[in-house]
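1. Sequence first, predicted coordinates after that:
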Amino acid sequence: MKIGSYSLASNTMLAPMAGITDQPFRQLCCQMGAGLAVSEMVSANPKVWKTEKSKRRLIHGNEAGICSVQIAGSDPDELALAAQVNVDNGAQIIDINMGCPAKKVNKKLAGSALLKEPTLVEQIIKSVVDKVAVPVTLKIRTGWCENTRNGIEIAKIAEHNGIQSLAVHGRTRNDFYKGEAEYETIKAIKKAVSIPVVANGDITSAIKASQVLDYTGADAIMVGRGAQGRPWIFREINHFFATGQQLAPPSLEEVRSIMIEHVKGLHTFYGDFMGVRFARKHVSWYMQTLDPEKQFRSIFNALESEQEQLEALTRYFDNLI
């Protein structure tokens, strides 16, 4: 699949997730086979750019693969400025967020709340596309609610105003993450536009990815929560697409290596204090299968330094293996 002049290494992508798809996790997922890893959303409001969280999200110099940065907001001029600032900082693709269902985002008429305002959607897309020379992509949901599912209308606006690729989560905003994703709307959107369409929602295995791709006719698959604690899902999907066969799961030795390197990367990126806290979150996801009784997670969550965390992981896997 191509986005503008960029050819992706595979037709699997990592979905942007606030507080999760930071630089260390994006790099890991690209190493595991993701053709594109979209950043956490960056606010278009310049008043918040000096916070530590925003400063980290504005760093794009050490990205693995193609650097795609997602921006969020509701003011066309602010979004255009945010796009330009991120391109100046190294972004190679700008992604506009119109899919986030969070109340604190939607109350500012950003994220999926924009789906209720097609005229504003068009103004935003025009403003951003006109401002930057890099490809601009868009992430949406199928609509605001079941009775206002207007994904096809938004997709046509996107195509007519220069969007290079469209990712669609198969839920409305009011669905949040409840129930099961529906792919009928994604299929209809793919038939209605000629730009690449990426299917997103409940992609948790290689078989499910193949089923969704076949049903929707989409050009690529985007994985979100299915990659939490399982970054190797991308290589599993790629292998299944290429061979029709399921890839064997990683060995315990490889899982240990991946986790330890991930924890080290989090500490390097965030520093020891915040690194400890982000490591707890990611290790908890890794351990959902390995530690169903949550015994190790209770121990790990009480640790307060990088050294303690790495030593605990080493001991755990030594005993397990």
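-> Yep, that arrived.

2. so after the helix or strand of the chain with the lowest mean pLDDT, what's the next helix or strand?
-> When the helices and strands of the chain are scored by mean pLDDT, DSSP states H and E, helix 52-57 comes last with a mean of 70. Following helix 52-57 in sequence order, the next helix or strand is strand 67-72 (DSSP states H and E).

3. What does the residue lying closest to residue 44 once chain neighbours are set aside show for phi and psi?
-> For residue 44, ignoring the flanking residues on the chain, the nearest one in space by CB to CB, 6 or more residues apart in numbering is residue 73 at 2.9 Å. Just so you know, the C-beta spots here come from the backbone N, C-alpha and C atoms, and that holds for glycine as well. Here is the backbone geometry of residue 73 (degrees, to the nearest 10): phi 170, psi -170.

4. Please report how far residue 73 lies from residue 236.
-> Using CB to CB, to the nearest Å, residue 73 is found at 35 Å from residue 236.

5. Tell me where the stretch 101-250 of the chain has strands.
-> All strands of the stretch 101-250 of the chain, identified by DSSP state E, counting those that start in this stretch, fall at 136-141, 165-169, 197-200, 220-223.

6. So what touches the longest one?
-> Read that as strand 136-141. 3, 15-16, 38, 68, 70, 83, 93-99, 101, 112, 115, 125, 128-129, 151, 154-155, 158, 162-169, 171-173, 175, 200 (CB atoms under 8 Å, 6 or more residues apart in numbering).

7. from those residues, which would you call buried?
-> Neighbour-count burial (16 or more other CB atoms under 10 Å) is assigned, among these, to 3, 15-16, 38, 68, 70, 83, 93-99, 101, 112, 115, 125, 128-129, 151, 154-155, 158, 163-169, 171-173, 175, 200.

8. Which ones among the residues you listed lie within helices?
-> Per DSSP state H, helices hold the following members of the buried ones among the contacts of strand 136-141: 83, 125, 128-129, 151, 154-155, 158.

9. Need those residues in CSV (columns: distance to residue 227).
-> Converted to CSV, those look like this (distance: CB to CB, whole Å):
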residue, distance to residue 227
83, 26
125, 28
128, 27
129, 29
151, 24
154, 26
155, 25
158, 25
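
10. quick one: which two of the residues you listed are the most distant?
-> The most widely separated members of those, counting by CB to CB, are 83 and 151 (23.0 Å).

11. Give me the residues contacting stretch 214-224.
-> Contacts with stretch 214-224, where a contact means CB under 8 Å, 6+ apart, come from 1, 8, 11-15, 17, 34-35, 165, 167, 169, 183, 186-187, 190-191, 196-201, 203, 209, 212-213, 233-234, 237.

12. Pull out the buried members of those.
-> Applying 16+ other CB under 10 Å to the contacts of stretch 214-224, the neighbour count classes 1, 8, 11-15, 17, 34-35, 165, 167, 169, 183, 186-187, 190, 196-201, 203, 209, 212-213, 233-234, 237 as buried.

13. coming back round to it: for residue 73 and residue 236, indicate the residue with more neighbours.
-> Remark: of residue 73 and residue 236, residue 73 carries more neighbours, 25 against 22, as counted by other CB atoms under 10 Å.

14. That one and residue 79 touch, don't they?
-> Yes - assessed by CB atoms under 8 Å, residue 73 is found in contact with residue 79 at 5.0 Å.

15. shared neighbours, those two?
-> In terms of CB under 8 Å, 6+ apart, residue 73 and residue 79 are both contacted by the residues residue 44.

16. who are the neighbours in contact with residue 66?
-> 3, 6, 8, 36, 92-93.

17. Could you measure from it over to residue 164?
-> 12 Å.

18. Could you identify the most distant pair in the contacts of residue 66?
-> Farthest pair in the contacts of residue 66, by CB to CB: 8 and 92, 11.8 Å.

19. what are the phi and psi angles of residue 281?
-> Dihedral pair for residue 281: phi -60, psi -50, per degrees, to the nearest 10.
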